[in-house]
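*Asks:* Test case, fold it:
(2 chains)
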Protein chains: 2
Amino acid sequence: MGRTTPRISHETGLVQVVYVLLTQFGRAVLGNGYSGFGEGSPERKAATNLQHFFNYVAVRVVLAQLESYNREAYYELKEFVSRTSLNDAEIFCKKLIRESPRLKGLAMRILEVRSAYVKRDFEWDNLKKLSFKMVDDSNTKLMRDYVLEVSHIEDENHNIK
Amino acid sequence: MGRTTPRISHETGLVQVVYVLLTQFGRAVLGNGYSGFGEGSPERKAATNLQHFFNYVAVRVVLAQLESYNREAYYELKEFVSRTSLNDAEIFCKKLIRESPRLKGLAMRILEVRSAYVKRDFEWDNLKKLSFKMVDDSNTKLMRDYVLEVSHIEDENHNIK
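*Replies:* Next comes the predicted model:
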């Protein structure tokens, strides 16, 4: 198996012009709610998705901390998490606040932690850098896998002949 | 209904110290793969989630553009999208490349668009700003709703007495 990355031809200038047209058009269309961005801009939609993730992180942080200094609260929160979906941060917190006096206290701490985490601990620049790298890596991998697969089939056909 | 936001008491200094301890601890724990971050850091996990979203946007952009100038390709891609989940960008693109010669061409365009979109069109600063705002708005709303609900119950109990 060769490790050579196949050369991917980019008619860069043309691609850029086409891209600008595409995305300007796309943004105009997306902005008009054509495509399921009912909650507003793509940035707003992405931020909404991230909120659920930050809430999940905050729950994990609080759980990890409780585990070592308050086992009783740890088990109570863990039991609640085991039967409550973390997919929707709002619903999760809404339920948690109303579950018991102790869980209400822990919910308050989760709200504190997630706010502080978003603002101070989460590495936004790293997110951006990783996203740039990931999209390129993924594009290269998808094309390379396809090229290798097709070459393999062509080789086989050639051998049959 | 009063619109007054309930005062949320923050013993700021203490909260900050506790928070730093919590997140330092949390990050150490998270980094050791305790909490389901099998794919690495929280930033990597968030970036992975965003990749699926960027792919979704790219598909929408290409569809929107095809709709006006190539109806045949538009319907072919739309039909493919209707029966293929967009939840996993990699699987979606892998299938699309192998579906038909025309869809292979469109897949290449989607790869171009998503890369360019991530790097040039997506407003990263806006994402960050919106995330800061959203977490605060959500925290305030969760607490206000709870306070109003509890006040209402207390009022009722008061009236019964």
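
*Asks:* between the host helix or strand of A:Lys133 and helix B:124-160, how many degrees?
*Replies:* Taking DSSP states H and E as the criterion, A:Lys133 maps to helix A:124-160. Orientation of helix A:124-160 against helix B:124-160 (axes from the mean of the first three to the mean of the last three CA atoms, to 10 degrees) gives an angle of 120 degrees.

*Asks:* wait, does helix A:124-160 contact chain B?
*Replies:* Yes. Using CB under 8 Å from any CB of the partner chain, helix A:124-160 comes into contact with chain B via A:124, A:126-128, A:130-132, A:134-136, A:138-139, A:142-143, A:145-146. (C-beta placed from N, C-alpha, C; glycine too.)

*Asks:* Could you find the closest non-adjacent residue to the residue most central in space within chain A?
*Replies:* Among the residues of chain A, the one closest to the centroid is A:Leu50, at 6.9 Å (CA atoms, centre = their mean). Closest residue in space to A:Leu50, ignoring its immediate chain neighbours: B:Ser131 at 5.7 Å, by CB to CB, 6 or more residues apart in numbering or on different chains.

*Asks:* correct me, but A:Val81 touches A:Arg60?
*Replies:* No. Using CB atoms under 8 Å, A:Val81 and A:Arg60 do not qualify as a contacting pair, with a distance of 9.3 Å.

*Asks:* if we can go back for a sec, residue contacts, the residue nearest to the centre of chain A?
*Replies:* By CB atoms under 8 Å, 6 or more residues apart in numbering or on different chains, the residues touching A:Leu50 are B:46, B:49, B:127, B:131.

*Asks:* still on that earlier bit, A:Val81 and A:Arg60 - which one has more neighbours?
*Replies:* Legend: neighbour count by other CB atoms under 10 Å in any protein chain shown for A:Val81 and A:Arg60, higher for A:Arg60 (22 against 16).

*Asks:* and the angle for the strand or helix carrying that one with helix B:42-69?
*Replies:* Here A:Arg60, judged by DSSP H and E, is contained in helix A:42-69. Interaxial angle of helix A:42-69 relative to helix B:42-69 (the same axes, to 10 degrees): 160 degrees.

*Asks:* Taking helix A:42-69 as reference, get the angle to the helix or strand following helix A:42-69.
*Replies:* Tracing the chain past helix A:42-69, the next element assigned as helix or strand by DSSP H and E is helix A:71-82. With the same axes, to 10 degrees defining the directions, helix A:71-82 sits at 150 degrees from helix A:42-69.

*Asks:* three-state assignment of the closest residue to A:Ile91 other than its chain neighbours?
*Replies:* Among residues not flanking A:Ile91 along the chain, A:Ser85 sits closest, at 7.5 Å (CB to CB, 6+ apart). Assigned state for A:Ser85: coil (three-state reduction, DSSP: H, G, I helix; E, B strand; the rest coil).

*Asks:* ok so, going back, counting neighbours, which of the residues of helix A:124-160 next to chain B comes out on top?
*Replies:* That'd be A:Val135 among the residues of helix A:124-160 next to chain B, by other CB under 10 Å, with 24 neighbours.

*Asks:* List the residues that contact that residue.
*Replies:* By CB under 8 Å, 6+ apart, A:Val135 lies in contact with B:51, B:54, B:114-115, B:118-119.

*Asks:* Check it and give its pLDDT.
*Replies:* For A:Val135, the pLDDT comes out at 97.

*Asks:* Tell me the spacing between it and B:Val113.
*Replies:* Going from A:Val135 to B:Val113 by CB to CB, to the nearest Å gives 10 Å.

*Asks:* any weak-confidence spans in chain A?
*Replies:* Within chain A, the segments meeting pLDDT under 70 span A:1-39, A:160-161.

*Asks:* ok, A:Arg71 - how many residues close by?
*Replies:* 10.

*Asks:* sorry, back to before: give me the buried subset of the contacts of A:Val135.
*Replies:* Among the contacts of A:Val135, those that count as buried by neighbour count (16 or more other CB atoms under 10 Å in any protein chain shown) are B:51, B:54, B:114-115, B:118.
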